[in-house]
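# Give me a model of this one.
(one chain, ligands or ions: 1)
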Amino acid sequence: MLNYSAGSLTGRSSKPFALVIFGASGDLTRRKLIPALFGLFKEKALPDNFQIIGFARREKTDDSFREEMLEGMKQYSRFNPVASQEWQEFAKHLSYHVGNFDDPAPYKSLAEKLQQLKDQGLEQKLFYLSTGPEYFINVMEQLHGAELISHGCSSRVVIEKPFGNDLKSAQEMVKALQGCIDESCLYRIDHYLGKETVQNLLYFRFANSIYEPIWNRSLIDHIQITVAEKEGVGTRGGYYDHVGALRDMVQNHMMQLLTITAMEPPGSFTSEAIRDEKVKVLKSIPTPTGEAVQRIAVRAQYEGYRQSDRVNPDSKTETYAALKLTIDNWRWAGVPFYLRTGKFMQTRASEIVVVFRRPPLALFETSQEQLEMHRNRLHIRLQPDEGIHLRFNAKIPGKSNMGPVDMDFAYKSQFGSYSPEAYERLLHDFIIGDSTLFTRSDEVLESWRIMDAITAGWQESPVALYRQKSWGPSESEAILKADGNTWFPLEKAGS
Ligand code: BG6
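Residues are numbered from 1 along each chain as shown. The predicted structure follows:
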């Protein structure tokens, strides 16, 4: 194992701040946000002077809020058991503010509280919108009305997903929010960008010189991106049934994976330069037409989904989506990008497989099927068992034929098991004001343009069914088969 000091986030420090979390009695706050903030506190990545204020509708005292957060820590934090002394220290920075999101009065009292904190040196005002999306505009307008946010970035705001439900609603939201605050101070979160392995994609591509010459249509045949989840919708049926896999996973997380894989090298490692390049990729993806959607996109539901809690018994919502996209630019013209995601699949695995072109001549004896399965490919495993491995062919000793071998890089054996949670990284970047790992409005809108076309095309097609714990419906094979391709088994899948 190389001797790297665990990748702490302490390198870049922030000024004292007050962070208000709207929707603080919701699941996300206790499951992700407070554990992440505690993680940063423990790593000494927060300034000495900070305050976290939970804002929600339910009546609570500061103490009962702290108690609830501690319960969340016990269940969800990577620092469990939580050392009592450390928690006590951290909990001193927590408080609660009750209020209805659409009532100006609690915003007024919040403004007074924040002014007092400012007088004590907590200069930065930060807001985290973790409410249901139906409240986003309301909360922002109330914050604006109370002069807590304004143009010119006197404060910054994080907004959770989903950012709209389609292109039109996203456009309306962009317009409404930009009436309250500058785009540069609005941080749209996509937790996939906080994952270490997703960030490593940028390093893999742009910190090495050997991949760039092969990272294009001359050597790459196609790219497969899979995000498979092992669980079904569980208790989230009520939410999920209105959303589906395309909006829940593809529009945001998977399109982020695609853009980072396909983007041009940015001129610098700044948030605008990186995001400009990502937007260019999205703009180069042609809008699929109604008739083409039937050939390039499949939606499916796992058997038993309609019987789930709070799911419409006649639901047509997809729990699985597979699609083929193309990027019409010099680097990628003619290279298909196949994407698939599903709930209740055989295993949990997220992987990008870069499949290289076949050798021009088959010199060695092998069956057609072997030739296909032994194609050179690079597996970038995002989760679990994070790592990268390159598959190529080698001569089997004592025989005159060949077999596939792997060159492996595994995070765990190389760097140990330390890895900050995605929300730790993202909250830290938000606190210090680095927006590189957050999505910009033009990215979101371009992505909705493509999703809308697929949703429209799907109106005409049936919803396929797939068995629970399978790799999805057979229909998704047809998308690849039309190009002479097949989904490759995910390496090490089955964990
Ligand atoms: C969320 C989706 O954004 O991402 C969930 O709403 C999904 O439905 C989750 O399960 C997957 O995230 P991860 O980090 O577990 O891959």
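# In terms of pLDDT, where does the most centrally placed residue in the chain sit?
Closest residue to the average C-alpha location of the chain: Tyr192 at 2.4 Å, with CA atoms, centre = their mean. Looking at Tyr192, its pLDDT reads 95.
# May I have the residues that are in contact with it?
For Tyr192, the contact set (CB atoms under 8 Å, 6 or more residues apart in numbering) comprises 198, 252-253, 256-257, 422. C-beta here means a position set from N, CA and C on the backbone, and glycine is covered the same way.
# do that again at 7 Å, thanks
Neighbouring residues of Tyr192 by CB atoms under 7 Å, 6 or more residues apart in numbering: 198, 253, 256-257.
# Looking at these, which are in helices?
With DSSP state H as the criterion, helices contain 198, 256-257 from among the contacts of Tyr192.
# hmm, back to that, now compare the contacts of Tyr192 and name the two farthest from each other.
Greatest spacing in the contacts of Tyr192, by CB to CB: Val198 and His253 (8.9 Å).
# mind listing the helices for the stretch 351-495 of the chain?
Ranges of helices in the stretch 351-495 of the chain, per DSSP state H, counting those that start in this stretch, are 368-373, 411-415, 422-432, 441-458, 475-481.
# actually the stretch 201-350 of the chain, not the one I wrote
Using DSSP H, counting those that start in this stretch, the helices of the stretch 201-350 of the chain run over 237-240, 244-245, 255-262, 271-283, 290-296.
# cool, the stretch 51-200 of the chain as well?
So, for the stretch 51-200 of the chain - with DSSP H, counting those that start in this stretch - the helices run 62-76, 84-91, 104-119, 136-145, 167-178, 196-206.
# quick one, which of those helices is packed in tightest?
Comparing the helices of the stretch 51-200 of the chain by mean neighbour count (mean count of other CB atoms under 10 Å), helix 136-145 comes out on top with a mean of 20.
# contacts for it?
Contacts to helix 136-145, defined as CB under 7 Å, 6+ apart, come from residues 22, 101-102, 104, 107, 127, 129, 131, 149-150, 159, 173, 176-177, 180.
# cutoff 8 Å now
For helix 136-145, using CB under 8 Å, 6+ apart, the contacting residues are 22, 101-104, 107, 127, 129, 131, 149-150, 157, 159, 173, 176-177, 179-181.
# returning to that earlier point: for Leu382, see how far away the residue nearest to the centre of the chain is.
According to CB to CB, to the nearest Å, Tyr192 stands 8 Å off from Leu382.
# Kindly present the helices of the stretch 51-200 of the chain as TSV, with separate columns for mean pLDDT and distance to Phe17.
Listed next are these as TSV, based on pLDDT from 0 to 100; distance: least, CB to CB, whole Å:
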stretch	mean pLDDT	distance to Phe17
helix 62-76	95	18
helix 84-91	94	15
helix 104-119	97	9
helix 136-145	96	16
helix 167-178	96	21
helix 196-206	93	23
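# Just put those in JSON lines and tack on distance to Pro35.
Converted to JSON lines, the helices of the stretch 51-200 of the chain look like this (distance: least, CB to CB, whole Å):
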{"stretch": "helix 62-76", "distance to Pro35": "5"}
{"stretch": "helix 84-91", "distance to Pro35": "11"}
{"stretch": "helix 104-119", "distance to Pro35": "23"}
{"stretch": "helix 136-145", "distance to Pro35": "23"}
{"stretch": "helix 167-178", "distance to Pro35": "28"}
{"stretch": "helix 196-206", "distance to Pro35": "16"}
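# circling back: between the helices of the stretch 201-350 of the chain, which gets nearest to Arg340?
The closest of the helices of the stretch 201-350 of the chain to Arg340 is helix 244-245. By CB to CB, the value is 9.3 Å.
# Rounded mean pLDDT for that closest one, please.
Helix 244-245 comes out at a mean pLDDT of 98.
# Number the chain from 46, please
Noted, 46 is the first residue going forward, which turns the last one into helix 289-290.
# Give me the packing partners of it, helices and strands only.
For helix 289-290, the packing partners by 3 or more CB pairs under 8 Å, 6 or more residues apart in numbering; DSSP states H and E come out as strand 365-370.
# by contact count, what packs against the strand it packs on?
Against strand 365-370 (3+ CB pairs under 8 Å, 6+ apart) you get helix 289-290, helix 335-341, strand 342-347, strand 382-387, helix 520-526.
# Pick the most deeply packed of the helices of the stretch 396-540 of the chain.
Highest mean neighbour count among the helices of the stretch 396-540 of the chain (mean count of other CB under 10 Å): helix 467-477, a mean of 23.
# and the angle from it to helix 241-251?
If you take axes from the mean of the first three to the mean of the last three CA atoms, to 10 degrees, helix 467-477 sits at 70 degrees to helix 241-251.
# buried sites along stretch 351-365?
For stretch 351-365, the neighbour count (16 or more other CB atoms under 10 Å) marks 351, 353, 356, 360, 362-365 as buried.
# returning to that earlier point: hey, what's in contact with both of Tyr237 and Leu427?
Common neighbours of Tyr237 and Leu427 (CB under 8 Å, 6+ apart) are 243, 302.
# Poorly predicted segments of this structure, please.
Within the chain, the stretches with pLDDT under 70 are 46-58, 462-463, 536-540.
# cutoff 80 now
46-59, 410-418, 462-464, 505, 536-540 (pLDDT under 80).
# Near the spatially closest residue to Pro207 that is not a sequence neighbour, how many other residues are there?
Counting by CB to CB, 6 or more residues apart in numbering, Pro207 lies nearest to Pro178, which is 5.6 Å off, once chain neighbours are set aside. As a burial measure, Pro178 scores 16 neighbours (other CB atoms under 10 Å).
# hang on, isn't Pro178 packed against Ala215?
No: using CB atoms under 8 Å as the test, Pro178 is too far from Ala215 to be in contact (10.5 Å).
# which residues do those two both contact?
In contact with both Pro178 and Ala215: 208-209, using CB under 8 Å, 6+ apart.
# Lys153 and Ala191 touch, don't they?
Yes: contact criterion CB under 8 Å: Lys153 and Ala191 qualify, at 5.9 Å.
# picking up where we left off before, keep only those of the buried residues of stretch 351-365 that are in strands.
Judged by DSSP state E, these include Tyr365 as members of strands.
# Could you export the buried residues of stretch 351-365 as TSV, including distance to Lys457?
Shown next, in TSV, are the buried residues of stretch 351-365 (distance: CB to CB, whole Å):
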residue	distance to Lys457
Arg351	39
Ser353	35
Val356	37
Ser360	39
Thr362	36
Glu363	34
Thr364	31
Tyr365	30
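# The residue lying farthest from the centre of the chain and Pro449: what is the separation?
What lies farthest from the middle of the chain is Gly443; by CA atoms, centre = their mean that is 47.2 Å. Per CB to CB, Gly443 is found 17 Å from Pro449.
# now swap in Leu406 and tell me
According to CB to CB, Leu406 and Pro449 sit 19 Å apart.
# So between the two, which is more surrounded?
Each of Leu406 and Pro449 has its neighbours counted (other CB under 10 Å); Pro449 has more, 14 against 6.
# residues contacting that one?
With contact taken as CB under 8 Å, 6+ apart, Pro449 is in contact with 418-419, 436-439.
# same thing but 10 Å
Applying CB atoms under 10 Å, 6 or more residues apart in numbering to Pro449 gives the contacts 415, 418-422, 436-439.
# same deal with Phe67?
Residues near Phe67 by CB under 10 Å, 6+ apart: 74, 98-101, 142, 144, 146, 172-176, 180-181, 183-185, 187-188, 202-205.
# what sits opposite it in the beta ladder?
Judged by DSSP bridges, the bridge partners of Phe67 are Phe100, Leu174.
# coming back round to it: any idea which of the helices of the stretch 396-540 of the chain gets closest to Ser395?
Evaluated over the helices of the stretch 396-540 of the chain, closeness to Ser395 peaks at helix 467-477, with 12.4 Å, by CB to CB.
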